[in-house]
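Undergrad: Dropping a prediction and its sequence here:
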Amino acid sequence: MTDQDAPGTEAFSYRATKNRRVQIFRRARLVTTLSGQHATRFLDKAAAADARGLQLLMARATGHFKQGNERASKNAGKGR
């Protein structure tokens, strides 16, 4: 575990704007902006999430989320 992944340090944050968009930041840098139904769904899920769930929700929304099968899929074609 690195300092960046230590408990209590939040990698992601978000801000809802007046024009109904959601800006998601990773380590204080803007990563993506959600609008329309995506923003509405995100805000609904964020309201019900705990701190860890909120971090996972933002990671999924930005695409910075590993599903855990990367190694298996990378090696899937080997040995044939």
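TA: Looks like it came in fine.
Undergrad: so where's this structure shaky on pLDDT?
TA: 1-9, 65-80 (pLDDT under 70).
Undergrad: And the strands in it, which stretches?
TA: With DSSP state E as the criterion, the chain has strands at 12-16, 22-26, 29-34.
Undergrad: thought residue 27 was touching residue 62?
TA: No - contact criterion Cβ atoms under 8 Å: residue 27 and residue 62 do not qualify, at 11.6 Å. Where you see a C-beta, it was placed from the backbone N, CA and C, and this is true even at glycine.
Undergrad: more crowded one of those two?
TA: More neighbours surround residue 62 than the other of residue 27 and residue 62, with 16 against 11 (other Cβ atoms under 10 Å).
Undergrad: so who does that one touch?
TA: 12, 24, 26, 31, 32 (Cβ atoms under 8 Å, 6 or more residues apart in numbering).
Undergrad: what residues are up against the nearest residue to residue 54 once chain neighbours are set aside?
TA: Among residues not flanking residue 54 along the chain, residue 46 sits closest, at 5.8 Å (Cβ to Cβ, 6 or more residues apart in numbering). Residues near residue 46 by Cβ under 8 Å, 6+ apart: 14, 54, 57.
Undergrad: try residue 15
TA: Residue 15 neighbours (Cβ under 8 Å, 6+ apart): 22, 23, 25.
Undergrad: cutoff 10 Å now
TA: Counting by Cβ atoms under 10 Å, 6 or more residues apart in numbering, residue 15 touches 21, 22, 23, 24, 25, 30, 33.
Undergrad: Who is it paired with across the strands?
TA: residue 23 (DSSP bridges).
Undergrad: Quickly note the distance from it to residue 31.
TA: The gap separating residue 15 from residue 31 is 12 Å, by Cβ to Cβ, to the nearest Å.
Undergrad: what does residue 16 give?
TA: 15 Å.
Undergrad: again with residue 64
TA: As for residue 64, its distance to residue 31 is 7 Å (criterion: Cβ to Cβ).
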